[in-house]
Structures are given as structure tokens and as C-alpha cells.
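**Q** any chance you can model this:
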Amino acid sequence: MFSPFLLLAAAAASPTGPVPGEVKIFKDWYVACDNIWSCEAGTLSDDASELFTAQVVRIRREGGPDAPFRIELTPQEEQAKGPARLVIDDGKPHSGTPDSEGDTWLDEAQSMAIARGLANGKSARVVLSDGSAIPISLAGS
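**A** Got it, this is the predicted structure:
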């Protein structure tokens, strides 16, 4: 027989929503998940660079067995004047749909292939609407 106090303690200890887990760093990328298996990975800043590249590329996946990857290009506000494109190893640019905040969401149907390209690629860059490019380190991706 369970004590009502134990049941109350167990209920109080159970989170009612997502609880962030530890952020792990892999060279120039971070990964963070929560207790419901939603995860995010993204680029980190290179402090020696003139360009601030923290989280310029973010890969997200909600919890659940069939949840798709979503890849977001998030240049700094002053750089986000229109849609951005992601180029991996001088291949075909990956484009997507810009949102109201200036971020670009890449084609969800292509996200797994793009994520594999980032993991296996040698170089990448985010090309802004004005033609300028932000180099992206793939070390740790």
C-alpha cells in the first residue's frame, strides 16, 4: 500500500513540461535536449572572427518518433534583410522561407539531407540576401 504522502511527493517531483538538459559542446557546435527528447544543435561563435556566428545555423527536432528536423538560418538582426541560403561544400544553395523576424526556415522535406551534409561536409556558409556570406565551421557538427 502506498502512502498518500509518497504519491504527493512523486507528483510534485514530476515536471509538468519540458525541462532543459545539459548543453554539450562539440568543437564549434552545441547540442541541447530536454526531458521530452526535443533537441537543438547549432553553431557557436568564433571569437576571433569579425562576424558573430553564434547560432547562425540551428537544427531542431521536437520529441516523438516521427518528428522532422527543422533547420533555421538566423543571422544577426542587422544582417537579416531578406532570405538567407545555406551552401555546403560549394554545392547548390539550400533556400527556404523567411519569417517575420528575419530568420529563414529551410525546406523541411530536405532537412535530413541537409543535416547529413553539414555533418559530412568540409565547408559551409550562409549567404545573405545582399550576397555577403558568413562562413560556418563544421568542426563538431
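**Q** and the spatially most central residue of the chain, which of the three is it?
**A** Closest to where the C-alpha atoms of the chain average out (CA atoms, centre = their mean) is residue 58, at 2.0 Å. With DSSP: H, G, I helix; E, B strand; the rest coil as the basis, residue 58 sits in strand.
**Q** so how far is residue 127 from the residue nearest to it when sequence neighbours are not counted?
**A** Of all residues not flanking residue 58 in the chain, residue 42 sits nearest, at 4.1 Å (CB to CB, 6 or more residues apart in numbering). C-beta here means a position set from N, CA and C on the backbone, and glycine is covered the same way. Distance of residue 42 to residue 127, given as CB to CB, to the nearest Å: 18 Å.
**Q** could I get the full set of helices for this structure?
**A** 4-13, 111-120 (DSSP state H).
**Q** any idea which of those helices has the lowest pLDDT on average?
**A** When the helices of the chain are compared by mean pLDDT, helix 4-13 comes last with a mean of 38.
**Q** contact partners for residue 62?
**A** residue 38 (CB atoms under 8 Å, 6 or more residues apart in numbering).
**Q** so for stretch 28-45, mean pLDDT?
**A** In the prediction, stretch 28-45 has an average pLDDT of 89.
**Q** buried sites along it?
**A** The neighbour-count check on stretch 28-45 (16 or more other CB atoms under 10 Å) flags 28-31, 33, 38-44 as buried.
**Q** kindly report the same for stretch 62-75.
**A** Buried-residue list, stretch 62-75, by 16+ other CB under 10 Å: 69-75.
**Q** with stretch 92-99 instead?
**A** 94-96, 98.
**Q** give the rounded mean pLDDT of it.
**A** 92.
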